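Engineer: give me a 3D structure for the following:
(one chain, ligands or ions: 2)
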Amino acid sequence: MAGVKTTPLLKDELDIVIPTIRNLDFLEMWRPFFQPYHQIIVQDGDPSKKINVPEGFDYELYNRNDINRILGPKASCISFKDSACRCFGYMVSKKKYIYTIDDDCFLDIMKIGETKSGFLGCGKLDLGVFEVDLGFKLVAKDPSGKDINALEQHITNLLCPSTPLFFNTLYDPYRDGADFVRGYPFSLREGVPTAVSHGLWLNIPDYDAPTQLVKPHAVLTIPKGTIFPMCGMNLAFNRDLIGPAMYFGLMGDGQPIGRYDDMWAGWCTKVICDHLNLGVKTGLPYIWHSKASNPFVNLKKEYKGIYWQEDIIPFFQSVVLPKECTTVQQCYLELAKMVKAKLSSIDPYFTKLADEMVTWIEAWDELNPPGDGSAKILSGVAK
Ligand SMILES: O=c1ccn([C@@H]2O[C@H](COP(=O)(O)OP(=O)(O)O[C@H]3OC[C@H](O)[C@H](O)[C@H]3O)[C@@H](O)[C@H]2O)c(=O)[nH]1
Ligand SMILES: [Mn+2]
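Structural biologist: Ligands and ions are numbered 1, 2, ... in the order given. Sure thing, here's the model as predicted:
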């Protein structure tokens, strides 16, 4: 009904985790969607630097001093000077769901007065706009003319089942207007619980026009047995179902590799989801990524990963977890053993990474004792 204020979906069950080395003015543009939710800000780099957070947001902020104080020696598993640090926010959260977003990601923006039509896959969109304080206009319309709410789309993705066991050629059968196609086994139509919702981004410079045109404006389940390149910039997951697997690895300062944080977490998460019969979805919501980082600096951080992944990916494709592993933690510890045994021949780094995977689980279980409702009081800069 017009004028009736509705409570945002999962308002008290979802935390927004933001890794940052910048001021968080970008939150201003997300205010209509993010303000009702609690934010966990993981400040990377120099802890003495002041991070400005726009007024009116409910947040806790953790810098490196806080991480070291809270985890003690176990802080060794949390990366420094890499967006991988964001996983500390997953660990300290007490909520069932997490949404993580980079601080240079927006709903599509444009200057006042412009309107824009663009290709978002199979159809041309008339994108409506509305104004926010900073003089930018947020593109806010989807093909049906409804306001795009990226967080709401992730929540819908997570609350609907996934179909990893048999591919539905009409993509996500649970979406409005979609369904199971003829020939889809009725025994599989219940689907499995969705653990991960992997959003994409609008401005993909390396897509040619025909590819851009046929790109599905859709949500689909990644089939069982298939791994994928997970990006952490627009990602949501069910923390109760898969949280302990979302370790973004040991990257950045002092490490031979960086910026493979989300890839590593995605490979580990997918093999564990497959083993535990959990679903991973990819596609909508799309957001606008303004790509604030330097490609030359990035290449320096990534180049070992570009070589190593030619061996890492066959390793993950060959992973078979023992049936005795019935919890995420048990799966993850088994995976750590396999990493140490099978990847250390690539580089001694993988021995260290495998050890920190174990440290991560120990720290996770210390901060999130099973079944203990008394959330351990962690004094970030609570607001
Ligand atoms: O040392 C750092 C560098 C950055 N951050 C924060 O992480 C977010 C991503 O950083 P940025 O936008 O500068 O890098 P991108 O190349 O666009 O990011 C992609 O590649 C790296 C990651 O996998 C990331 O998820 C990808 O989107 C941003 O919020 C920075 O403030 C940091 O915490 N520490
Ligand atoms: Mn970026």
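Engineer: looking at the protein, what residue ends up closest to ligand 2?
Structural biologist: Using CB to the ion, the single residue of the chain nearest to ligand 2 is Asp104, 4.1 Å away. No exception for glycine: its C-beta is placed from N, CA and C like everyone else's.
Engineer: in space, what's closest to that residue - neighbours in sequence excluded?
Structural biologist: Nearest non-adjacent residue to Asp104, counting by CB to CB, 6 or more residues apart in numbering: Ala292, 4.0 Å away.
Engineer: so how many other residues sit close to Leu335?
Structural biologist: If you count neighbours by other CB atoms under 10 Å, Leu335 ends up with 22.
Engineer: does it touch Val320 like I think?
Structural biologist: No: at 11.0 Å, Leu335 does not count as touching Val320 under the criterion of CB atoms under 8 Å.
Engineer: and the pLDDT at Leu202?
Structural biologist: As predicted, Leu202 sits at a pLDDT of 73.
Engineer: over to Lys74?
Structural biologist: 98.
Engineer: just use 16 as the starting number from now, easier for me
Structural biologist: Renumbered: residue one is now 16, and that last one reads Lys89.
Engineer: quick one, what contacts it?
Structural biologist: By CB atoms under 8 Å, 6 or more residues apart in numbering, the residues touching Lys89 are Thr374, Glu377, Ala378, Glu381.
Engineer: now render the residues you listed as JSON lines, adding pLDDT and secondary structure.
Structural biologist: Formatted as JSON lines, the contacts of Lys89 follow (pLDDT from 0 to 100; DSSP: H, G, I helix; E, B strand; the rest coil):
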{"residue": "Thr374", "pLDDT": "98", "secondary structure": "helix"}
{"residue": "Glu377", "pLDDT": "98", "secondary structure": "helix"}
{"residue": "Ala378", "pLDDT": "98", "secondary structure": "helix"}
{"residue": "Glu381", "pLDDT": "97", "secondary structure": "helix"}
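Engineer: let me know the closest of those residues to Tyr112.
Structural biologist: Nearest to Tyr112, judged by CB to CB, of those is Ala378 at 20.6 Å.
Engineer: from ligand 1, how far off is the residue nearest to that closest one when sequence neighbours are not counted?
Structural biologist: Distances taken as CB to CB, 6+ apart put Lys89 closest to Ala378, at 4.2 Å, once the chain neighbours are dropped. Using CB to the nearest ligand atom, to the nearest Å, Lys89 is found at 20 Å from ligand 1.
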